[in-house]
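Asks: My questions concern the predicted model and sequence given below.
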Amino acid sequence: MSRSKRWIQGSIVGSAMLFSGAGTVSAEEITVTSFGGIWETAITNCFAAEYEKRTGRKANVTIGSPAQWMSQIEANPDNPPIDVIVSTQSQTVAAGEGGLISRAGPNEIPNLADVDPLFIDAVDGWGGCFDFGSFVIAYNKDTVKNPPKSLKEFMDRTIAGDWVASFPSITYAIMPDIIWSFAELYGGSADNVDPAFEIFKKIKASGNAIAWASVTDFLNQMSTGDADIGMYWDGRAYSFIDKGNDWMGVITPTDKAYMSCVAMNKSKGAPDAAWEYLNIVFEPGPQSCFSDYLNYGVTNQKVQYSEKMKNRVTWPKDLRAPSTATSRKIAENAADWIERWNKEIGL
Amino acid sequence: MNSRSWFRLKQNAPKLSMLAYMVLFFIFLLGPILIVVAISFTETEYVAFPPKGFSLRWYERFFEYDAFVDSFIVSVELAIATAVLGVGLGVPAALAVTRGHVPYANTIMTFLLSPLSMPLIVMGFALLFYLSALGFGVSFLSLLIAHTVISLPYVVRTVAGVYRGISPDFEESAAVLGANRLQIFWNITLPMIKPGIFAGMLFAMLISIDNLPISFFFGSADTNTLPVVMLSYLEHQFDPSIAAASCIQLIVAVIGLFIVERIYGLDAMTPAT
């Protein structure tokens, strides 16, 4: 290549980098992630603001989704544009095994020592979950005067015709996990999900069940009276109630509620400042703040929940959570279960 | 019905059928948009149709939530920059390929239009890795390059279409009368292909402002576009502010069309003119 050609090429790339802002984030700043809406408000106010107050350094909060951030880290392994990544359980394990995030324990994040082991195991030791939701029973107090106390009672009385119940449809992302949780509830396992299919066949045959495809669907079905009761996330149900819909009630089933949690971890190659941020994320005070915003439980065992949250959180002993090994089996079998569901249940 | 009325009805049947077809066609096209507009004015906390009451609270929410406003500004800046860069690159390419006597003109044209045939999600993923390898990283410039790549076919196609419809006699006459290449371009070609340039710019802006699959891969605290923020928002907080955000995006597109109509006239922007 001639000198002039090299000069032109170098100038183009150099000017482009100047204008692109690539690498212009100060070493003093870190980029952290969040989902949109109330999530971003909570992460900004409870974690990022606290980090900035304590360290004097900026934490830029970027909104998006784990798949997007992981692609960006994978494309820029030497200089990841994301320092701290929020992701679901399965995505965290996949990112860890794919070399995108750092393995973390109490040495890196001292507050992890106080996190319930359930939420460390949930991500196979790739850091830990900082918040969790449980699938509870939400009902209309006006039409269901005597709500069920357990999932089994809920299923039996749906079959008996006590109400119209709404269940997540098979298109909902975590439905394979729900199939597993019902299999376990009725004596099966990830290797034998027949009990779950048997009970849902009866539900379908009763004609007393409808399905929700998105989280908004369920609220619409309840508001319009199409459903009297259903399975729903605790935090979302409480947020709906707090918006003036006090006709809705929530029951945490006595026979354990399915749990799903959200993890946060440092991307590989990110500066050590990210550990400081993560330690704040797993600290009781900021976690309590986060919980108040989202109405979900948090994972540090030393958290002092607010009066509002004390009666709302599903305690770890009441949760049904798949181990990492079970999660792998669920992921391996998900396509078969979905196909079987479509053929046998179709709800 | 007497025979005369029956005869008249029979005579007008094709016209009435066409009218009915058009009405149905417009309902099909506009129905979803009208529903979104109606929902954006609801009083309720959740998305439901028909909306209950009338309120501007979700528009207030849009302007209160910094992520919406910041990403909206990024979207508008990006759309304008994409249109300008698209024209800067697309117009010379279209002119050269159409009448520049370049070898393999058809092959080059096919290559320029090829982004149309690629799934955008694949293109976004590929561009993220390619531009990162070049050192551009996740930045506004990367986003601009990516959007220009997908908008370029629209500029090239519309300009080439208009240019093909213009007789070469005009440029040849100017050349015979002593005009140099720059004068021919500035005084003859450019005024005649203006409708194509306007149409291409408009398409480029609309494609850019509406794009999600490409923007998704280049989103960061400084470069998130409105569709990326809307997606993340509605996954975790699906309230009618999403409808308000959609309406604001729609208003921008309508204002754009209105400005073009006032300046140039939409009728003039077709290759047939």
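Replies: Thanks, I have the structure now.
Asks: From the domain annotation, what segments belong to each domain of chain A?
Replies: Structural domains annotated on chain A: A:25-132+A:260-320, A:134-259+A:332-344, as defined by automatic domain parsing.
Asks: Does A:Val32 belong to a helix, a strand or coil?
Replies: What DSSP: H, G, I helix; E, B strand; the rest coil gives for A:Val32 is strand.
Asks: what's near enough to touch A:Lys152?
Replies: A:185, A:255 (CB atoms under 8 Å, 6 or more residues apart in numbering or on different chains). (C-beta placed from N, C-alpha, C; glycine too.)
Asks: re the thing from before, mind putting the domains of chain A into JSON lines with mean pLDDT?
Replies: Listed next are the domains of chain A as JSON lines, based on pLDDT from 0 to 100:
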{"stretch": "domain A:25-132+A:260-320", "mean pLDDT": "92"}
{"stretch": "domain A:134-259+A:332-344", "mean pLDDT": "94"}
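Asks: Nearest to B:His236, out of these?
Replies: Minimum separation from B:His236 across the domains of chain A (CB to CB) falls at domain A:25-132+A:260-320, 4.5 Å.
Asks: Torsion angles phi and psi at the closest residue to chain A within chain B?
Replies: Proximity of chain B to chain A (CB to the nearest CB) peaks at B:Gln237, 2.9 Å away. Dihedral angles phi and psi of B:Gln237 (degrees, to the nearest 10) take the values phi -160, psi 80.
Asks: Tell me which of the domains of chain A sits most buried.
Replies: Counting by mean count of other CB atoms under 10 Å in any protein chain shown, domain A:25-132+A:260-320 has the highest mean neighbour count of the domains of chain A, with a mean of 20.
Asks: Please see if that one touches chain B.
Replies: Yes. Against chain B, domain A:25-132+A:260-320 shows contacts by CB under 8 Å from any CB of the partner chain at A:31, A:35-40, A:60-65, A:68, A:71-72, A:74-76, A:79, A:81.
Asks: rewinding a little: give me the local confidence score for the residue of chain B closest to chain A.
Replies: Looking at B:Gln237, its pLDDT is 77.
Asks: Count residues in the vicinity of it, would you?
Replies: B:Gln237: 22 surrounding residues under other CB atoms under 10 Å in any protein chain shown.
Asks: shouldn't B:Ser215 be in contact with B:Met230?
Replies: No. In this structure, B:Ser215 is not within contact of B:Met230 by CB atoms under 8 Å, at 10.8 Å.
Asks: These two: who's more crowded?
Replies: Shown here are B:Ser215 and B:Met230; by other CB under 10 Å, B:Ser215 has more neighbours (29 against 21).
Asks: pLDDT (mean, whole number) over stretch B:54-67?
Replies: Stretch B:54-67 comes out with an average pLDDT of 92.
Asks: near chain A at all, it?
Replies: Yes. Counting by CB under 8 Å from any CB, chain A is contacted by stretch B:54-67 at B:Ala67.
Asks: what's the first-to-last distance across that stretch?
Replies: Taking CA to CA, to the nearest Å, the first and last residues of stretch B:54-67 lie 25 Å apart.
Asks: cool, stretch A:92-106 as well?
Replies: 18 Å.
Asks: isn't B:Glu43 right up against B:Pro50?
Replies: No. Under the criterion of CB under 8 Å, B:Glu43 makes no contact with B:Pro50, lying 11.9 Å away.
Asks: higher neighbour count, these two?
Replies: Between B:Glu43 and B:Pro50, B:Glu43 has the larger neighbour count (other CB under 10 Å), namely 12 against 8.
Asks: so where does the residue nearest to the more buried one when sequence neighbours are not counted fall, helix or strand?
Replies: Excluding the flanking residues, the one nearest B:Glu43 by CB to CB, 6 or more residues apart in numbering or on different chains is B:Gly53, at 3.3 Å. Per DSSP states H and E: B:Gly53 is located in neither a helix nor a strand.
Asks: The one 10 residues further on too?
Replies: B:Phe63 belongs to helix B:57-64 when elements are defined using DSSP H and E.
Asks: Neighbours of the residue nearest to B:Glu43, how many?
Replies: Number of residues near B:Gly53 (other CB under 10 Å) recorded here: 8.
Asks: From B:Phe41, how far off is it?
Replies: 8 Å (CB to CB, to the nearest Å).
Asks: Which parts of chain B are helices?
Replies: Taking DSSP state H as the test, the helices found in chain B are B:3-39, B:57-64, B:66-99, B:105-113, B:120-133, B:140-164, B:169-176, B:181-184, B:190-210, B:213-217, B:226-236, B:241-263.
Asks: got the ones you listed as TSV, with distance to A:Gly128 columns?
Replies: Formatted as TSV, these follow (distance: least, CB to CB, whole Å):
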stretch	distance to A:Gly128
helix B:3-39	39
helix B:57-64	33
helix B:66-99	27
helix B:105-113	50
helix B:120-133	29
helix B:140-164	33
helix B:169-176	70
helix B:181-184	66
helix B:190-210	39
helix B:213-217	28
helix B:226-236	21
helix B:241-263	32
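Asks: how about the ones you listed, which one is nearest A:Cys129?
Replies: Distance to A:Cys129, taken as CB to CB, is lowest for helix B:226-236 among those, at 16.3 Å.
Asks: which residues touch the closest one?
Replies: For helix B:226-236, the external contacting residues (CB under 8 Å, 6+ apart) are A:35-39, A:63-65, A:68, B:67-68, B:71-72, B:74-75, B:209-212, B:215-216, B:219, B:241-242, B:245-246, B:249.
Asks: Same question for stretch B:74-88.
Replies: For stretch B:74-88, contacts defined as CB under 8 Å, 6+ apart pick out B:140, B:143-144, B:147-148, B:151-152, B:154-155, B:197, B:200-202, B:204-209, B:222-227, B:249, B:252.
Asks: what about it, average pLDDT?
Replies: In this model, stretch B:74-88 has a mean pLDDT of 96.
Asks: Would you check the distance separating that stretch from the middle of the chain?
Replies: Taking CA atoms, centre = their mean, to the nearest Å, the mean C-alpha location of stretch B:74-88 is offset from the chain mean by 11 Å.
Asks: Could you list the buried residues of it?
Replies: Residues B:74-76, B:78-79, B:81-83, B:85-87 are the ones in stretch B:74-88 that count as buried (16 or more other CB atoms under 10 Å in any protein chain shown).
Asks: For the stretch 101-250 of chain B, give me the ranges with low pLDDT.
Replies: Regions of the stretch 101-250 of chain B meeting the criterion pLDDT under 70 are absent.
Asks: Quick check: residues of it near chain A?
Replies: So the stretch 101-250 of chain B meets chain A at B:125, B:128-129, B:132-142, B:216-217, B:219-222, B:224, B:228-238 (CB under 8 Å from any CB).
Asks: returning to that earlier point: of all the domains of chain A, which one comes closest to B:Arg164?
Replies: Using CB to CB, those put domain A:25-132+A:260-320 closest to B:Arg164, at 39.8 Å.
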